[in-house]
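Q: sequence-free structure coming up:
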């Protein structure tokens, strides 16, 4: 199971990095979303994998998983939504002001829409 | 508490003065005077204690874990300086009222002056070194504001910048010195520093520490070679110069020398560095002052010279020299402040400060002339005036030190400096008030208004009183201040006019005679000066240095900031990768740990495989944006399933609702982005990015694997044990969010609120063109609000809101809480927007989401503040159990109110973002309909 989780995190990171390096705004936003997934999962599994042990205190529970990374990640998910929203609106603004959707605001030959 | 209040008062007074200035010039001056007097009145009852040799220390915790306290100290030395700052401050307030013209903003001037006064008080009354440094930097900043008060003048801005750059650099060095000192002593409190003086002097870090501290002192007190900023600071209004360069700003450096004297002095390093810099400054200042044609320029260099004198005295490291140093601090403050004010009066009434044009003013203003003459005589060290007494002590000490060492150089040099001081003092008087007729003055000079002279009178009377009867006037103050400086019994000294025939008297006599002689042969001297040193100006060096720095930083910026986000992100990733891989070179460790893993089940395998496939598909298809968005949604859903699987129900709920909101948001945005993105032709770049991505992915994956296969210790035990007893909730994640780490959550919802407001600001007045047809050339569906969807969502709305309420309320004990409930509510309302359109919704909701955000933040902060009312720290939560009939036992926690605040901010921010983006569409649709 650990290997699968590590593989998933690796894949999400790789996809995120590749898309973040693209020249147009939309793939960059997708890439940032991927990176959020990757980072959130990574921090979350720092509390190790545990099945069926939610950190809700009860008399019948056999044990609890680490609640701390969960609390960290919960706010991180909401904040990364805020960030994604801000970046995509920034992209719209850039398109309106600069007339193209390149991250550097350039209308390079190879990037120009046709 | 009193000392703290006295320091705080001028800062509060700055705002008060700015307010009072609205109702006129005089109210501003009165308020400034009242604030100064009040501060003095607060301290005055403590002065007798300090005068009796006691040290008052008032201390409050600030950041105790860092050794930082708010600690104030009032002893003889602090009393002397506080008295000078506030006493001369009062006179300056009065003087400035008449000096500033109608065009100058009174409020701004007095507000800056109050800020500066508070900062100076903070320096002299600090017990903690770090706290002292904070006030030290505040004086640099507020003096910048004061020097650049006439902002429209180029030289004022330049002078202020130079003062800030030099003293700011010194402050930085001082910080380093204090950190070293604190490291050596193990405490930043002066009492501890004094107690371990021997340990400090023997420490191997003594020399670097001393160098850094002296760098701070010398820059502040304009010691050679950092003296050049002071003359340029003369571009300030004269009241500012009179204050900064007599009793305050430059004296801060001297104060620190005196303050740290018992801990740092007495070593050869201290002797040579401090007295060397002091002697050089004394001579250079006195020499240059003679050749300045500007009245204030002369006074500026004379100030530099006198500061050098005081520094030299402290450098000599004998108790008597230190007493003389403290004495000269008092005397210099009184005569120099009065001279600056007299120069200001002359400038004010005659319209110029050029001594080549100002002659024969005796006829026009005999009264001011008399005052200036007495003050100048004190500066020259003429008997019966205060300057004479401290200069005698200075000469005596120089001769005494030379006796021990058998050298004649030091006495000769200080006598030369004394002669130069006599010469420039004579020039100040003779050139301005006599020496023929004025040359082409802009105005006909006359005596100034009555109250403009009053401050000068007070100071001149002090000069004479101290000079004639030192035992009756200054002796107790000097004894207290010198005792606190030495932190040891005072040496045997006599404040008297006549000490008999001794070397010091001979040196004084020689200096007086030589001074007259130098002035008599000034013409050939001036000519010589013009041919040789006139063009030697440290400012040129400084400007060249600044230009080089600018050029360097510009080159560095060009190198690093290419203006291309793509390249920046690439560099950032490469740097992250390099950092991430460095530990691998440290030594061989096995990648896998020993911890046995969980078994792999087929469902997880399937989910994992789907996620990987969907991710790769998103990358592969990212140019078909709509498809890429759908595959991205698949990835997000599986991530939330992973949270379900690994015992994180709260995360799963959050991820799921965020996923929906994100996809809706991206869909809205997609409409305005080009539908057919350009194809990338640069294969090299694709390969390069692909390799970087693979390396990053592999690195992160392997790191995750390495961590997951190792056992670990968690700090979670505390939270699990105290969640119910301390936070009153069984859902530990939620209790951490709203209780244990409530302050973090408050920060996070603030960030979310800011993101929402930022987006609102970005979208305002945004005009975007979007295609009328989709990528395949089909027209958009003309039916913007399909009936079935509208009806169904309307049915769902109450249900969704009910679910949200349920999730919010149970959040403290079961998975849920403000974040999730807020997102669910936002999703429910957004569905309504999608189905009915913005106009429909605005008619039903007020449409204003900002008040909701504000209410949420206010609620969260209020919950935190409420715990202050019960004498608990910020955001302490409390809870209790209520028994409701029928329902049964019901638990209420104050943290739930906090969670309600979180809920409101999340709903408000999410709606603010999506509704405003949606509004762009509405305007498009309306345009299409027309």
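A: Structure's in. What do you need? Just so we're clear, the structure is a prediction, and the values are computed from it rather than from any experiment.

Q: ok, longest helix in chain A?
A: In chain A, taking DSSP state H as the definition, the longest helix is helix A:67-98.

Q: which strands and helices lie in contact with that one?
A: Packing partners of helix A:67-98 (3 or more Cβ pairs under 8 Å, 6 or more residues apart in numbering or on different chains; DSSP states H and E): helix A:25-45, helix B:649-670, helix B:716-722, helix B:732-735, helix B:742-763, helix B:818-836, helix B:894-929. For every residue, glycine as well, the C-beta is placed using N, CA and C.

Q: out of the ones you listed, which is closest to residue B:412?
A: The closest of the helices and strands packed on helix A:67-98 to residue B:412 is helix B:742-763. By Cβ to Cβ, the value is 66.1 Å.

Q: give me the contact list for the closest one.
A: A:75, A:78-79, A:82-83, A:85-86, A:89-90, A:92-93, B:737-738, B:849-850, B:853, B:856-857, B:860-861, B:864, B:874-875, B:877, B:895, B:898, B:901-902, B:905-906, B:908-910, B:912-913, B:916-917, B:919-920 (Cβ atoms under 8 Å, 6 or more residues apart in numbering or on different chains).

Q: now do 7 Å
A: A:75, A:78-79, A:82-83, A:85-86, A:89-90, A:93, B:737-738, B:853, B:856-857, B:860, B:864, B:875, B:898, B:902, B:905-906, B:908-909, B:912-913, B:916-917, B:920 (Cβ atoms under 7 Å, 6 or more residues apart in numbering or on different chains).

Q: any idea of the mean pLDDT for stretch B:604-624?
A: For stretch B:604-624, mean pLDDT rounds to 92.

Q: list the buried ones in it?
A: Using 16 or more other Cβ atoms under 10 Å in any protein chain shown as the test for burial, stretch B:604-624 gives B:604, B:607-608, B:611-612, B:614-615, B:617-619, B:622-623.

Q: and it, how far out from the chain middle?
A: 50 Å (Cα atoms, centre = their mean, to the nearest Å).

Q: how about chain A, which residue sits the furthest from its center?
A: Within chain A, residue A:59 marks the point farthest from the mean C-alpha position, 36.0 Å out by Cα atoms, centre = their mean.

Q: count of residues packed around the residue of the stretch 701-850 of chain B found nearest chain A?
A: Chain A sits closest to residue B:701 of the stretch 701-850 of chain B, with a gap of 2.4 Å, by Cβ to the nearest Cβ. Residue B:701: 23 surrounding residues under other Cβ atoms under 10 Å in any protein chain shown.

Q: for it, helix, strand, or coil?
A: helix (DSSP: H, G, I helix; E, B strand; the rest coil).

Q: what's the burial count for residue B:8?
A: Neighbour tally, residue B:8, other Cβ under 10 Å: 15.

Q: sticking with it, tell me its helix or strand.
A: Taking DSSP states H and E as the definition, one finds residue B:8 inside helix B:2-20.

Q: how about the nearest residue to the spatially most central residue of chain A, chain neighbours excluded?
A: Residue closest to the mean C-alpha point of chain A, counted by Cα atoms, centre = their mean, is residue A:36 at 1.6 Å. Counting by Cβ to Cβ, 6 or more residues apart in numbering or on different chains, residue A:36 lies nearest to residue A:80, which is 3.9 Å off, once chain neighbours are set aside.

Q: residues in contact with residue B:114?
A: B:10, B:13-14, B:17, B:32, B:35.

Q: so how far is stretch B:658-670 from its chain's centroid?
A: When distances are taken as Cα atoms, centre = their mean, stretch B:658-670 is centred 41 Å away from the chain's centroid.

Q: ditto for stretch B:280-292
A: Mean-position distance between stretch B:280-292 and its chain equals 34 Å (Cα atoms, centre = their mean).

Q: contact partners of that stretch?
A: Contacts of stretch B:280-292 (Cβ under 7 Å, 6+ apart): B:223-224, B:227, B:298, B:301-302, B:304-305, B:307-309, B:311-312, B:413, B:416-417, B:420-421, B:423-424, B:427, B:526, B:529.

Q: give me the number of residues near residue 20?
A: Unless you meant another one, I'm taking chain A. Residue A:20, neighbours per other Cβ under 10 Å, totals 27.

Q: wait, I meant chain B there
A: 24.

Q: isn't it right next to residue B:26, touching?
A: No. The pair residue B:20 / residue B:26 is not scored as a contact, 9.3 Å apart, by Cβ atoms under 7 Å.

Q: residue A:103 and chain B, how far apart?
A: Per Cβ to the nearest Cβ, to the nearest Å, residue A:103 is found 4 Å from chain B.

Q: report pLDDT for residue A:28.
A: 91.

Q: with residue B:294 instead?
A: 90.

Q: list the contacts for residue B:590?
A: Applying Cβ under 7 Å, 6+ apart, no residues contact residue B:590.

Q: secondary structure class of it, three-state.
A: Under three-state DSSP, residue B:590 comes out as coil.

Q: hey, which helix or strand in the chain has the poorest pLDDT?
A: Because you didn't say which chain, this covers chain A. Lowest mean confidence among the helices and strands of chain A (mean pLDDT, DSSP states H and E): helix A:67-98, at a mean of 89.

Q: that's the wrong chain, I meant chain B
A: Counting by mean pLDDT, DSSP H and E, chain B has strand B:888-893 as its least confident element, at a mean of 64.

Q: could I get the phi/psi values of residue B:624?
A: When read as degrees, to the nearest 10, the backbone of residue B:624 gives phi -90, psi 90.

Q: of all the helices and strands packed on helix A:67-98, which one comes closest to residue B:790?
A: That would be, of those and by Cβ to Cβ, helix B:818-836, which comes in at 4.3 Å.

Q: which is the next helix or strand following the closest one?
A: Under the assignment DSSP H and E, the closest C-terminal helix or strand after helix B:818-836 is helix B:838-844.

Q: let me know the average pLDDT across that next one.
A: The average pLDDT within helix B:838-844 is 74.

Q: ok, stretch B:32-44 next?
A: 94.

Q: can you list contacts of it?
A: With Cβ under 7 Å, 6+ apart, stretch B:32-44 has contacts from B:2, B:5-6, B:9-10, B:13, B:16-17, B:82, B:86, B:89-90, B:93-94, B:110, B:113-114, B:117.

Q: next one: stretch B:692-699 to chain centre, how far?
A: With Cα atoms, centre = their mean, you get 41 Å for stretch B:692-699.

Q: er, stretch B:350-368 actually
A: Counting by Cα atoms, centre = their mean, stretch B:350-368 comes out at 43 Å from the chain centroid.

Q: gap between the two ends of that stretch?
A: 13 Å (Cα to Cα, to the nearest Å).

Q: state the mean pLDDT of it.
A: 89.

Q: tell me the buried residues in it?
A: Within stretch B:350-368, the residues scored as buried using 16+ other Cβ under 10 Å are B:350, B:352-353, B:355, B:357-362, B:364-365, B:368.

Q: same check, this time on stretch B:411-425
A: So, applying 16+ other Cβ under 10 Å, buried residues of stretch B:411-425: B:411, B:413-425.

Q: cool, stretch B:706-722 as well?
A: Buried residues in stretch B:706-722, counted by 16+ other Cβ under 10 Å: B:707-709, B:714, B:716, B:719-720.

Q: out of these, which touch chain A?
A: Here is what survives when the buried residues of stretch B:706-722 are matched to chain A using Cβ under 7 Å from any Cβ of the partner chain: B:707-709, B:714, B:716, B:719-720.

Q: for the residues you listed, please prepare JSON lines with the additional fields pLDDT.
A: Formatted as JSON lines, those follow (pLDDT from 0 to 100):
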{"residue": "B:707", "pLDDT": "88"}
{"residue": "B:708", "pLDDT": "90"}
{"residue": "B:709", "pLDDT": "89"}
{"residue": "B:714", "pLDDT": "82"}
{"residue": "B:716", "pLDDT": "82"}
{"residue": "B:719", "pLDDT": "85"}
{"residue": "B:720", "pLDDT": "86"}
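
Q: unless I misread the structure, the residue farthest from the centre of chain A falls within a strand.
A: No. Read with three-state DSSP, residue A:59 is coil and lies in no strand.
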